[in-house]
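>>> Any chance you can model this:
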Amino acid sequence: MSIKSELGFIRVGAHSHIRGLGLKDGKALIKADGMVGQIEAREAAGIIVELIKQGKMAGRGILLAGPPGTGKTAIAVAIAKELGEDVPFIAIAGSEIYSSELKKTEVLMQAMRKAIGVRIHEFRKVYEGMVSDLDIKMTRHPYNPYQQIPESAKIKLKTKNEERTLTVGSSIARELIGRGVGIGDVIWIEAETGRITKLGKCKEYEGPKYDIEAEVQVPMPTGPVLKEKEFIYTVTLHDLDMRMHSSSGGLFSLFFGGREEREIPPDVRQNVDKLVKKWVDEGTAEIIPGVMFIDEASALDIEAFSFLGRAMESELAPIIILATNRGITKVRGTDIISPHGIPLDILDRLMIITTRKYSAEEIKEILQIRAREEKVKLSEEALETLTKIGEETSLRYAAQMLTPAQIIAKRKGRDTVTAEDVKEIRTLFADVKQSSEYLKKYEAEMLK
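As a prediction, this is how the structure comes out:
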């Protein structure tokens with residue numbers, strides 16, 4: 001959902017409040033990092049995180065099993081958060097693999113490659129300094145005599161130890177204008193590409209000062225103007241697959257567009273893997289296994305499970321987390337009855353974490369966290385009413401009523417949601433039980 005603030009619309013996800021597993025010395029706190037309850041499940045997940053960090057999860061996956069609305073997705077998100085800020089996290093539903101354009105195995109393969117990051121270290125020569133003087137020379141446009149374009153520029157960069165004047169061509173001059181570079185700005189100019197990065201306004205700049213300054217204040221750079229800097233950025237294997245695939249289209253695709261192929265050929269992936277291994281051997285890159293989370297795992301069929309079983313054994317694989325709320329049921333595509341609708345040979349490779357229904361006190365805590373996240377002010381009576389509704393129906397239903405109740409309160413000229421607002425919303429939106437009763441009541445009138 002989205003909420004409006006003074007800065008515009010802010011996306012608030014269902015699990016945007018999750019910061020980690022909320023553990024201390026391996027033990028789960030009652031309420032921490034956005035997590036509430038599920039003590040045993042969170043502590044089990046903490047052990048999983050340790051195994052992953054030690055590189056001892058090869059050939060295994062994770063299964064989160066429990067009733068709907070018991071925090072399975074939250075635990076998966078928390079595991080990814082515990083592994084690091086730039087660890088890739090890709091979430092799909094089991095039903096998403098059935099596409100009319102891509103094979104099931106291709107959808108799963110792309111999701112897996114998106115969940116494996118490559119942290120690349122590059123050393124580049126850059127000109128860094130505060131702009132102490134800037135002179136851009138303009139000339140007439142070759143096709144429009146009434147329009148002027150930049151022809152070249154002279155830029156003087158200053159550090160605490162050196163000052164240097166650079167003469168640059170039209171492309172860098174255009175970028176200087178486009179990025180709004182002016183005197184007093186601290187910038188980088190990459191020596192090889194000419195790309196410009198504007199860091200902010202120099203604190204030591206002696207020009208005019210303003211009461212309100214929107215630009216970031218940065219210190220004067222030190223050392224020589226021309227220096228080597230390390231650039232660190234993270235891409236996924238899928239990003240590299242797409243880049244290599246698009247660059248190998250040949251002249252036909254370059255001039256005529258060719259046929260758009262969404263599937264990545266195996267040889268392209270093999271070349272990417274060789275390239276990444278070469279970077280790793282040279283010490284210029286490192287592989288970051290991320291998390292691939294598949295919700296509604298019971299929607300996967302026998303072919304998809306076979307693919308995942310093989311993928312868990314591969315050298316380059318993310319951490320695979322499945323989640324399901326199904327009991328004993330058929331494996332899709334077969335007549336085999338199995339726990340959670342997952343083949344037994346796959347279940348043997350999974351470390352299974354079970355979740356349980358939340359208590360009233362835990363529901364109350366979670367609703368308070370969601371209310372803070374969604375900027376909803378609740379009276380104590382409204383919170384108690386929502387907690388009771390969460391017990392009778394589901395936590396998800398109670399959480400979904402927060403912002404609609406806020407709209408009712410605002411229409412009545414109040415900032416705080418009361419119990420009456422919650423009860424009014426309850427009459428407008430049916431829960432699962434009420435919906436089932438409605439269907440039974442009007443069964444004869446409904447289409448079959």
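>>> Report all helices and strands that whichever strand or helix holds Lys277 contacts.
Here Lys277 sits within helix 266-282, counting by DSSP states H and E. The contact analysis (3 or more Cβ pairs under 8 Å, 6 or more residues apart in numbering; DSSP states H and E) places helix 266-282 against strand 116-140, helix 237-247, strand 285-289. In this view, the C-beta of every residue, glycine as well, is placed from N, C-alpha and C.
>>> Need the contact partners of the second one.
Among residues not part of helix 237-247, those counted as contacts by Cβ atoms under 8 Å, 6 or more residues apart in numbering are 110, 113-114, 116-118, 261, 264-265, 268-269, 271-273, 275-276, 316.
>>> swap the cut-off to 7 Å and go again
Gln110, Arg113, Lys114, Ile116, Val118, Ile264, Val268, Arg269, Asn271, Val272 (Cβ atoms under 7 Å, 6 or more residues apart in numbering).
>>> Least confident of the residues you listed?
Ranked by pLDDT, the contacts of helix 237-247 bottom out at Ile264, which has 81.
>>> three-state assignment of it?
At Ile264 the chain is in coil, as set by DSSP: H, G, I helix; E, B strand; the rest coil.
>>> Give me the distance between it and Ala285.
20 Å (Cβ to Cβ, to the nearest Å).
>>> One more: Ile366?
40 Å.
>>> who's more crowded, the two?
Ile366 (25 against 20; other Cβ atoms under 10 Å).
>>> Setting aside sequence neighbours, what's the nearest residue to the more buried one?
Of all residues not flanking Ile366 in the chain, Val36 sits nearest, at 5.0 Å (Cβ to Cβ, 6 or more residues apart in numbering).
>>> so Glu151 makes contact with Asp135?
No: judged on Cβ atoms under 7 Å, Glu151 makes no contact with Asp135 at a distance of 11.5 Å.
>>> okay, the helices and strands packed on helix 266-282 in TSV with distance to Ser99 next?
What follows is the helices and strands packed on helix 266-282, written out as TSV (distance: least, Cβ to Cβ, whole Å):
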stretch	distance to Ser99
strand 116-140	21
helix 237-247	16
strand 285-289	25
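>>> Could you tell me the model confidence score at Cys202?
Reported pLDDT for Cys202: 86.
>>> Pull up the gap between the residue lying closest to it once chain neighbours are set aside and Gly200, please.
The spatial neighbour of Cys202 that comes closest, neighbours along the chain excluded (Cβ to Cβ, 6+ apart), is Met130 at 4.2 Å. Distance, Met130 to Gly200, by Cβ to Cβ: 10 Å.
>>> more neighbours, the two?
Met130 (25 against 15).
>>> quick one: contacts for that one?
With Cβ under 7 Å, 6+ apart, Met130 has these contacts: Leu157, Lys158, Gly184, Val186, Cys202, Tyr205, Met220.
>>> Pairing partners for it in the sheet, please.
Lys158, Val186 (DSSP bridges).
>>> cool, and Val118?
The partner residues for Val118, given DSSP bridges, come to Val235, Ile287.
>>> tell me, how many neighbours does Gln75 end up with?
In this structure residue 75 is Ile, not Gln. Neighbour count for Ile75, taken as other Cβ under 10 Å: 27.
>>> If you count contacts, what does the helix or strand hosting it end up packed against?
Assigned by DSSP H and E, Ile75 belongs to helix 72-83. If contacts are counted by 3 or more Cβ pairs under 7 Å, 6 or more residues apart in numbering; DSSP states H and E, helix 72-83 sits against helix 39-53, strand 61-65, strand 291-295, strand 319-324.
>>> Pairing partners for whichever helix or strand comes after it, with directions?
Sequence-wise, the next helix or strand downstream of helix 72-83 (DSSP H and E) is strand 89-93. In the sheet, strand 89-93 lines up against strand 291-295 (parallel) (DSSP bridges).
>>> and the angle from the strand it pairs with to helix 39-53?
Put simply, strand 291-295 runs at 140 degrees to helix 39-53, going by axes from the mean of the first three to the mean of the last three Cα atoms, to 10 degrees.
>>> Just the buried positions in the following helix or strand past strand 291-295, please.
For strand 291-295, the following helix or strand on the C-terminal side (DSSP H and E) is helix 302-313. The neighbour-count check on helix 302-313 (16 or more other Cβ atoms under 10 Å) flags Ala304, Phe305, Phe307, Leu308, Gly309, Ala311, Met312 as buried.
>>> Show me which pair in the residues you listed is furthest apart.
Using Cβ to Cβ, the two most remote members of these are Ala304 and Met312, lying 12.9 Å apart.
>>> which ones are touching Arg174?
When contacts are taken as Cβ under 7 Å, 6+ apart, Arg174 is in contact with Pro150.
>>> Now the helix or strand containing it: buried residues?
Following DSSP H and E, one finds Arg174 within helix 170-178. Buried residues in helix 170-178, counting neighbours by 16+ other Cβ under 10 Å, are found at Ile172, Ala173, Glu175, Leu176.
>>> which residues sit in contact with the third one?
I take that to be Glu175. Ile196.
>>> Over to the first one?
Contact analysis of Ile172 by Cβ under 7 Å, 6+ apart lists Ala153, Ile189, Gly194, Ile196.
>>> Report the central residue of the chain.
Phe89 (6.1 Å; Cα atoms, centre = their mean).
>>> ok, and the closest non-adjacent residue to it?
Ala80 (4.0 Å).
>>> What number of residues are in the vicinity of that neighbour?
Neighbours around Ala80, by other Cβ under 10 Å: 24.
>>> can you pull the contacts of it?
Counting by Cβ under 7 Å, 6+ apart, the residues that Ala80 touches are Val87, Phe89, Val291.
>>> Report the separation between the closest residue to Ile352 other than its chain neighbours and Ala76.
Once flanking residues are discounted, Ile352 sits nearest to Leu63: 4.6 Å by Cβ to Cβ, 6+ apart. Going from Leu63 to Ala76 by Cβ to Cβ gives 11 Å.
>>> Have a look at those two and say which one is more surrounded.
Using other Cβ under 10 Å as the criterion, Leu63 and Ala76 rank with Ala76 on top: 27 against 22.
>>> right, and that one touches Met292 too?
No: with contact defined as Cβ under 7 Å, Ala76 does not count as touching Met292 (9.7 Å).
>>> mind checking how far Val417 is from Glu380?
11 Å.
>>> Could you check which of the two has the larger neighbour count?
Using other Cβ under 10 Å, the more surrounded residue of Val417 and Glu380 is Val417, with 29 against 9.
>>> what is the more buried one paired to in the beta sheet?
Bridge pairing for Val417 - DSSP bridges - gives Leu378.
>>> Look up the pLDDT of the nearest residue in space to Leu300 that is not next to it in sequence for me, please.
With sequence-adjacent residues excluded and distances taken as Cβ to Cβ, 6+ apart, Leu300 is closest to Gly94, at 4.7 Å. What the model reports as pLDDT for Gly94 is 84.
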